[in-house]
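Asks: Generate coordinates for the sequence data below:
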Amino acid sequence: MGDGAADDTLTITPMSAIHTDATAAEEHPYRPHVGPSRQYMRDIILGVNDGLVSIFLLVAGVVGGGLGSRDVLLTGLAASAAGAISMAAGEYIATKSQEEVFDSERELEIEHLEFHRDIELEEIREMFGDMGLGAEEVERVAQALDKDDEAFLKVMMALEFGVVDEERRSPYTAAVLSGLLFLAGSLPSVVPFFFVDSTWLGLFIAAIGSGLALFAVGVVKTFVTRKSWVWSGTENVLIAAAGAVISYGVGVLYNTYA
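Replies: Numbering: from 1, shown residues only. Next comes the predicted model:
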């Protein structure tokens, strides 16, 4: 994919070339996948990003509304605590519900394999046929899976529902990551008001801290997505900046006309 710039064109080297071209392999060293943390990337990014953006927008809004420094601090602290608890509870319930659905589907798939095996074998033939395998290869796959119930079950869960045991998510891990990272993300917007009495100065420091943190989150994300780190970081900052302008404007309008 080159240097990681935003290029969605996928070039697939023929398998024969992969096995015979040693020079190409040297030019493209093996890069490992993300690994066990992959299924929690959503919680990691959403938690810290939501904390950074939502609390900064809140602070910008109440500063625009004319609140004093201590009031802004109280508002920020209350929102940080409430947001962290809400994120943790929401992720716990959502992830637990999703895992329960997967467990239910797994039990039903076991029932299908036991009492409706012919239907499941036909589904296997159709799915592998749709992938481009020839009739003989498809039949060999079906026969092999028919001899191993555990492998058959895992393949059906992966192909039908996109569920792989190694990718299952813990509701507790998802909750802790989301809640703590939201809390961490809120700090750049709240901490300045512990030390300054001027709301304008506090907002300026919060904007700098939140902007740098948002850019850093965008950059870190590219270690997994392998996209342009410059654009990823900039995009994060621009989204928050646009939201802050709107939020501050709402506060000013309230202070002016309310």
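
Asks: so where's the stretch 51-200 of the chain uncertain?
Replies: Low-confidence segments of the stretch 51-200 of the chain (pLDDT under 70): none present.

Asks: Now do the helices in it.
Replies: With DSSP state H, counting those that start in this stretch as the criterion, the stretch 51-200 of the chain has helices at 69-115, 117-130, 135-146, 149-161, 171-190, 192-195, 199-225.

Asks: List the contacts of the third one.
Replies: Contacting residues not belonging to helix 135-146 are listed as 117, 121, 124-125, 128-129, 133, 151-152, 155 [Cβ atoms under 8 Å, 6 or more residues apart in numbering]. All C-beta atoms are positioned from the backbone trio N, CA, C, and that covers glycine.

Asks: Check those and tell me the two furthest apart.
Replies: 117 and 133 (20.4 Å; Cβ to Cβ).

Asks: follow-up on the earlier one: quick check: ChimeraX command selecting the buried ones in the contacts of helix 135-146.
Replies: This is the ChimeraX syntax for the buried subset of the contacts of helix 135-146, where burial follows 16 or more other Cβ atoms under 10 Å:
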select :121,124,125,128,152,155
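
Asks: Tabulate the contacts of helix 135-146 (CSV), appending distance to residue 238.
Replies: Listed next are those as CSV, based on distance: Cβ to Cβ, whole Å:
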residue, distance to residue 238
117, 54
121, 52
124, 47
125, 49
128, 44
129, 46
133, 45
151, 48
152, 49
155, 43
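
Asks: From the contacts of helix 135-146, pick the one nearest residue 68.
Replies: Among these, and counting by Cβ to Cβ, the member closest to residue 68 is residue 155, at 62.5 Å.

Asks: Give the closest residue to the closest one in space, chain neighbours not counted.
Replies: residue 145 (6.0 Å; Cβ to Cβ, 6 or more residues apart in numbering).
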